[in-house]
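Novice: sequence-free structure coming up:
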Ligand SMILES: Cc1cc2nc3c(=O)[nH]c(=O)nc-3n(C[C@H](O)[C@H](O)[C@H](O)COP(=O)(O)OP(=O)(O)OC[C@H]3O[C@@H](n4cnc5c(N)ncnc54)[C@H](O)[C@@H]3O)c2cc1C
Ligand code: SF4
Ligand code: SF4
Ligand code: SF4
Ligand code: SF4
């Protein structure tokens, strides 16, 4: 993999507004910080190579390399990435939480993995007021403090860097697709460190089509509702076309998605992954049923944990209706195609030659298949 | 007893500023005031050290204008008074200065202005001499250390004779270098203050003292110009204007102040004393016409050597033009002709080079090789450092937090600065935080303006910094302006407990005055609150809390806010030689140049107390330089910098 340093990162990502705010470059060193959802480089570190660059999901993402590593074949054009099976799911009776985004699958699985020791800590995203806050959770019960979705970009991966520093060795991570991609790069030992061991125990990817910029979203919401009264923000599955804001005085405010989409940051239009393709399992909402999730099982480890969680009553799984799968594939394929076309148009795909930095690298055959 | 008050008629080695102070004592000064500023500060310090013994009243005033007003009051009451400031200070005092020159004085009064050619410790090399002409008062420039004393004493007499203020101008090399000075007698002092005001307005001795009467310039401006004419007459016989050289020199050099010393050295370097004459003038404004005519008549070629601008040169040319029919045409050399630069400090080498080309004599600039070798020595023996602050300086910590908060905030916020040690904030040593830098307190005024440009689409967070002394000096009006106009910015008062840059002179916020007496100290926080600002106080050494507070203050740009960052200067009496922590770098833990740090402490934070150990590839503490503030322990990402409390 082509790895450079912080100056190249700041020049090619932060200064060009391509940063997703994922947090992968935060808490590795004192040079990068995240504040109110935005990543900033405080000083120039000037090392020729570093982890910040290596982990950034907007630089030198070699999809074939990652596919070989995690799925033992080159990247292909399936809109959903590589997977073993797709089912629907929701939290089972053994899991006692209730305030979930949809089916509670994510929280139930992380709870289960923590309790069984499949992970020795979980990196989740909680919140203070409506600002997303990365958290390292050691106790299964604390998973409940991080349920629900924050629809703004979060520096979640900074907590992964901290967890590694603290010595955790089987970290469970709940990540959006850009964060999942970065996690996959981190686990691939991009700097070729000698005594490297994979510090990650389980990656639960969540679906994502966009995440808003907190600094744009906060004033937008504050002009409509007192932020301190918000209890839940939801985007129910299609056909609903609105963001719903619930408040502690029982009100529900609806904002048409049309208005929200105007706020979507440019960086999300470069994101070709909707379903966290390099996770162990991926979870999204289930179209037509707000109480259930779509669950994509991708790896052996993912399958093992899902099966066991279902067997022990933490999770209830069911078949995925064909029509839902079709819609899902269409949406994911559409996102992938649009993003790749845009990235290619802006000279960010498969650049060759010394000093040429690319965003994405992938085999030509797959590239052509995706963008037709 | 101080050596300054010895009463023996013998030689003492004095710094130029001490010579001026001694001259004031011999001239029976009673009241001295000033505002600290390099290279002037030692004069008031010297006088305050003998204040009790000599029954003086000495004060460090809140700013130069007030200092001049305090000294003027003494003069109005019949006392001899001296007011001292650096060149920039004269700008501050200039409003009152013009009025004072117009109202005239009673007790002998001197304004001492110390210029800083080359801006060795200033942000500019402004000329205070122009003020003498501008406000029509006599200007004296001592040409050596003995004269620094003697002219000061003489200036009181001159002032009383013409009933107006007299300005003495010194420069860094005169004020800060030392030479032998022969003492004269100290007078017995039984000065009594009595302000008389019962007489008619027109009586300069007994009437009210007022500046120009509106629409009646003949009443005051006329008499004022008579005074300056009288001064010119007195100057004809001034013993401090001297000529040395042949009767009919090939070249006449006219010079003053420290340039007199450079010129003499240049003449001896070139061995041309038979060809050139030196007219060393102490009375550089107004020029005594008869004296000038005598000397101008002796030769056709004239070189004027002065710092910085061609002020003397131009005044001479005016006279020469007026006398042309008597003295004939002249060839002038100097700044306008390009022989001598109009910027920076002069030195014997510059003068010798000019002389060598004018006189067509060879001059081996041996100094060039010398300069090279000296530079080489400096480079090999001293670590290379940009302009930065002292080890353990609270400003470094303050600027650190301000920088980091603004960068993380990411809205392109910036800092408006002014004069103080924190000028290093313009450079990497202060993290390139400060984006405007002008005069005392002007950062606050500029910020007050920037804050109001929202209607033009400017919504960056605006921060101003000023020191505690600067707050009283000039930032208070700017803050009042901002609050009154609801200008949303945050003023950060870097309160290091004294005017540290110039040597810890007290100010209204400190509990002692110049003479060491206890005084009420004004509470900056309470003043700001009373003005209507929201005020927070933090210890800048607590980086975390300081940065959080800054985030909080700049987040919403509403109203004028004040953050007082209070921590004593590393060189202050309360911190000097009293390290709080013993610091050490754990070599095992230090990440050095690895990813995760890359010498964050020595390369970025760059306190001079931290050193990079090239061989081991780790940082280390320089125990001799580190003052044990402990701050660097909090910036190290690996926790390698350990602090242990000193008990
Ligand atoms: C920004 C964003 C956009 C999304 N877009 C889609 C979409 O287009 N289509 C779709 O099907 N699903 C989307 N989802 C996923 C969906 O909202 C649910 O997270 C998912 O269905 C899991 O539901 P659950 O009931 O199992 O979640 P819960 O059990 O309630 O758990 C939610 C989990 O999400 C994590 N989380 C919350 N906010 C963030 C964040 N900002 N960044 C990273 N992790 C976070 C928490 O750590 C928690 O573990 C999105 C989620 C986010 C955060
Ligand atoms: S190269 Fe390493 S030390 Fe430098 S900024 Fe990147 S992560 Fe930090
Ligand atoms: S690693 Fe993440 S937070 Fe850092 S620059 Fe890249 S996208 Fe932004
Ligand atoms: S403790 Fe650290 S920051 Fe403070 S003076 Fe010593 S080396 Fe400098
Ligand atoms: S900041 Fe800490 S880890 Fe980095 S070089 Fe200095 S002492 Fe070593």
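Specialist: Good, I have the coordinates. What you see is a predicted model, and the numbers here were worked out from it, not measured in a lab. Ligands and ions are numbered 1, 2, ... in the order given.
Novice: domain ranges for chain B, per the record?
Specialist: Taking automatic domain parsing as the criterion, chain B consists of the domains B:3-235, B:242-359, B:394-566, B:581-645.
Novice: in TSV: the ones you listed, plus mean neighbour count and distance to residue A:246.
Specialist: Any C-beta I mention is one placed from the backbone N, CA and C, and that applies to glycine too. Listed next are the domains of chain B as TSV, based on neighbours: other Cβ atoms under 10 Å in any protein chain shown; distance: least, Cβ to Cβ, whole Å:
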stretch	mean neighbour count	distance to residue A:246
domain B:3-235	21	58
domain B:242-359	19	70
domain B:394-566	21	27
domain B:581-645	18	41
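Novice: for residue B:243, helix, strand, or coil?
Specialist: At residue B:243, secondary structure determined by DSSP: H, G, I helix; E, B strand; the rest coil is strand.
Novice: once you drop chain neighbours, what's closest to it?
Specialist: Of all residues not flanking residue B:243 in the chain, residue B:279 sits nearest, at 5.1 Å (Cβ to Cβ, 6 or more residues apart in numbering or on different chains).
Novice: sec struct for the one you found, please.
Specialist: Per three-state DSSP, residue B:279 ends up strand.
Novice: pairing partners for it in the sheet, please.
Specialist: residue B:243, residue B:254 (DSSP bridges).
Novice: spell out which residues of the stretch 451-600 of chain B are next to ligand 4.
Specialist: Taking Cβ under 6 Å from any ligand atom as the measure of proximity, the stretch 451-600 of chain B contacts ligand 4 at residue B:583.
Novice: which parts of the stretch 251-372 of chain A are helices?
Specialist: Ranges of helices in the stretch 251-372 of chain A, per DSSP state H, counting those that start in this stretch, are A:257-261, A:300-311, A:322-345, A:364-371.
Novice: ok, now how distant is the residue nearest to residue B:243 from residue B:304?
Specialist: 10 Å (Cβ to Cβ, to the nearest Å).
Novice: residue in the stretch 301-450 of chain B with the shortest distance to ligand 3?
Specialist: residue B:410 (12.4 Å; Cβ to the nearest ligand atom).
Novice: surely that residue is in contact with residue A:38?
Specialist: Yes. Here residue B:410 reaches residue A:38: they are 5.1 Å apart, a contact under Cβ atoms under 8 Å.
Novice: measure the residue of the stretch 301-450 of chain B closest to ligand 3 to residue A:45 for me?
Specialist: 18 Å.
Novice: the helix-or-strand element of chain A with minimal mean pLDDT packs against which elements?
Specialist: When each helix and strand of chain A is scored by mean pLDDT, DSSP states H and E, strand A:230-234 comes last, with a mean of 91. Here strand A:230-234 touches strand A:242-247, going by 3 or more Cβ pairs under 8 Å, 6 or more residues apart in numbering or on different chains; DSSP states H and E.
Novice: and the strand it packs on, which strands flank it?
Specialist: Strand pairing for strand A:242-247, using DSSP bridges, gives strand A:230-234 (antiparallel), strand A:252-256 (antiparallel).
Novice: quick one: is that strand near ligand 1?
Specialist: No. Interface with ligand 1: strand A:242-247 contributes nothing (Cβ under 6 Å from any ligand atom), its closest point being 11.0 Å away.
Novice: buried sites along that strand?
Specialist: A:242-243, A:245-247 (16 or more other Cβ atoms under 10 Å in any protein chain shown).
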